[in-house]
Structure formats: structure tokens, C-alpha cells
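Enquirer: build me a model from this:
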Amino acid sequence: MKKSRGVGVSSPVNGRQDWDHRRKRKTTEITQALSVSPVDVAALRRMAISEGGLLTDEIRRQVWPRLLNVPLHVFDQEPETVERENNKDYNQVLLDVQRSLRRFPPGMPDEQREVLQEELIDIILRVLKRNPQLHYYQGYHDIVVTFLLVLGERLATALVEKLSTHHLRDFMDPTMDNTKHILNYLMPIIERVNPEVHDFMQQAEVGTVFALSWLITWFGHVLSDFRHVVRLYDFFLACHPLMPIYFAAVDLPYETLISRAGDLFVQFPPSELAKEAASHESMATTTFKDFELASTQQRPDSVLSRRRRQKQHALESSAASSVVTVAQPSAARRFVRLAVMGLTVALGAAALAVVNTALEWAPKLDLFP
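Expert: The predicted structure is shown next:
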């Protein structure tokens, strides 16, 4: 007698076929959005945000410039030569690029990687020379290398320059004041999503420095799989400059992270959090008018309430054994602070995981090597 396979059980083959069908349909929609005049940038933003992002680097080479409003004729422009030795940032850039080996694809021949590293140095110094108001920061190269690997030197230079004067503008001030200001948005977001975690972190005086490298490298420094990095960059390029800090406040799984971060932005926009974060407005926000994304293009997460209850229950269980010593003197408080750091690191690791590939990488949550 033949056994019944049951009702409502989908096989891996069917799941794969369904994804292939959605992928082909999405590719067609992206092609259509690119082919009209003017280009349908709103549709491209929706494609970049929705499941799977922009799918391939070939598509990204066509869409990323549109998302940043960079004209494609820059392909025809020969990048100017950069004088290195007399550049005040050259030594630090050189050191950072030399220790960026893991940001290049595994197995890439040394000769090819070394050429790309030279191009990486030139892109950074070229952008800084054109924009003397910008200041290099450690971790900037983690973002630039992503654009270099996807776009090549010419187009990467143009996009990185636009990005540096808009999305990354706050990080490129002579001081970290604006960067700290953006980090200050994290706790108000967490407070609204999970008040228990917020109160626990506040009591243990953890602060927000654990999220610094995530924010200023767009998570490029802590994600080991390049596919995951570019998928996240699809999302950030299509959204408000503060979206990375919303992304830092959410948890598993990866594609749901992107949906949840978008939901949080709609529910708790920066204007609502500004007073709690600080009194002044983000410079990146004030220069974002030509890249605005209407919140109506983002769909609420239908499982938000259920996920919130599940996370609250799990966190209460995890926190119960650690919080007992919070009220104790200095040594005990240090112990609890370490416990909370462990909790926030766990949350960050969850926020960087990918469905079905959670064991493929180990996030490094130190700042920079």
C-alpha cells in the first residue's frame, strides 16, 4: 500500500522551483523598470528591498547607480591619478587596506587581489581629494571594497563619492560627535521593540559602542559571506541613511531582518526618535532629500506581534540568571555588564545570521583588527 505524503508538506524541489519562478519574475520586473524613460527608480527601490534584493552583481551594476542618482556616463571617464605620498591619509589607508584580505573572495589569486587593493587605495584617496570636507575613518575601506568588487574602479569611485557626501556623511566629520548621535538612536528603537532588553541594558550601563563597527561599515566588517554583504547593501542603498541603525535593533532571520528594519522605520521614524537620541538632526538626513523613500512603499510585517512575544519570552529567560547581581557593588556590576555584553553580542549575531546558513560564519564583534 502506498503511503500518503500528507497535505500541505512542500518538498525542497518544489520550494526551489517556486524561488526560481519568483527570481525570474523579479528579473523581468527589474529589466522593465530600467527600460522605461525615465527609469522607474521607485520600482527599483522596491526590488532592492524585497526578498532576495537585486539578485546578481550584473543587475547591481545597472541599479546601484540609479538608486544613488549617479549618471552612467562616468563609465567613460578615466579616473585621475592620485598622488599618494603627500596625502595626509595615505599611511592609514594603506595599513587598513593591507589588512583587508578577508574582504576579498576566497581563492582569488594574489596578483589579482593586489591590483584590487591598489585600486581600493586610489578610490579612497581620490574621493577625499575631491571632497576636502570629508575625513577618513577606520572602517571606510570596508564599504569601499564592496563597491569596487561589484562595480569596478571607475563606477565605484563615482558611487562612493556620492555615498560619502550623503549616507556616510556623518561618519566623515573631523570628530565622532555625529556618529555618536546616530548610535544614540539605537536605544530608543530597542525600547519600543523590547522594553525589557532596553531596561536591562540601561541598568548595566552597556552603552552602544558594541554597534559602532556595524554602523560605520554597513556590517561589512562583521559579515564573512560577500553575498550577504551585497544583499544588505541593496537594502541600505534603497532606504534612508539611518536604516543601518534600525537594522542593528532587529533579530532573526536574515530576510525577515530587512522587513522588520523597514517596519521599525515606518513605526518609529527618525523624527519621532530625534529628541531622545539628541537635539540635532543627522547631517546625512538633511542631505537625503533627493534620495527619499516614501514609507508607504514598505509593508508592515504581519508576524511582528508574534515574533515580539517570542523574543520577549526568550530574553526574559536568558536575562533571569544574570540580572540578580545588578544591584550589587562595583565587582558585581562589572560581572553583569559582561553578561549584558554577551546578551547584546548574541542579539547582534542573530541580527547578522542568514536563513539556513547560520553556521557558515562567525561574526567578529571587535572593532577593527
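Enquirer: poorly predicted segments of the stretch 151-300 of the chain, please.
Expert: 252-253, 278-300 (pLDDT under 70).
Enquirer: and the helices in it?
Expert: Counting by DSSP state H, counting those that start in this stretch, one finds helices in the stretch 151-300 of the chain at the ranges 153-164, 177-183, 186-193, 195-203, 212-216, 226-237, 243-247, 254-267, 270-277, 283-286.
Enquirer: now, of those, which is deepest in the fold?
Expert: Highest mean neighbour count of the helices of the stretch 151-300 of the chain: helix 243-247, a mean of 25 (counted as mean count of other CB atoms under 10 Å). (C-beta placed from N, C-alpha, C; glycine too.)
Enquirer: check which helices and strands that one is in contact with.
Expert: In terms of contacts (3 or more CB pairs under 8 Å, 6 or more residues apart in numbering; DSSP states H and E), helix 243-247 is packed against helix 186-193, helix 212-216, helix 226-237, helix 254-267.
Enquirer: before we move on, the earlier item: for T146, which of the helices of the stretch 151-300 of the chain is the nearest?
Expert: Judged by CB to CB, the one of the helices of the stretch 151-300 of the chain that comes nearest to T146 is helix 226-237, at 5.7 Å.
Enquirer: run the chain-centre distance for the closest one.
Expert: A distance of 7 Å separates the C-alpha centroid of helix 226-237 from that of its chain, computed with CA atoms, centre = their mean, to the nearest Å.
Enquirer: that one packs against which elements?
Expert: So helix 226-237, by 3+ CB pairs under 8 Å, 6+ apart, packs with helix 41-49, helix 57-67, helix 140-151, helix 243-247, helix 254-267.
Enquirer: residues contacting the residue nearest the centre of the chain?
Expert: Residue closest to the mean C-alpha point of the chain, counted by CA atoms, centre = their mean, is W218 at 3.7 Å. By CB atoms under 8 Å, 6 or more residues apart in numbering, the residues touching W218 are D142, I143, T146, V229, L232, Y233, F236, P244.
Enquirer: and the gap between the last one and N194?
Expert: Same thing as P244. Relative to N194, P244 is positioned 19 Å away (CB to CB, to the nearest Å).
Enquirer: how does the protein divide into domains?
Expert: As assigned by automatic domain parsing, the chain contains the domains 12-76, 90-165, 177-351.
Enquirer: so can I have TSV of those showing distance to R84?
Expert: What follows is those, written out as TSV (distance: least, CB to CB, whole Å):
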stretch	distance to R84
domain 12-76	22
domain 90-165	5
domain 177-351	23
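Enquirer: which residue, other than its chain neighbours, is closest to E80?
Expert: In this structure, E80 finds its nearest non-sequential neighbour in R126, 6.7 Å apart by CB to CB, 6 or more residues apart in numbering.
Enquirer: quick check: the one you found vs I182, distance?
Expert: Going from R126 to I182 by CB to CB gives 26 Å.
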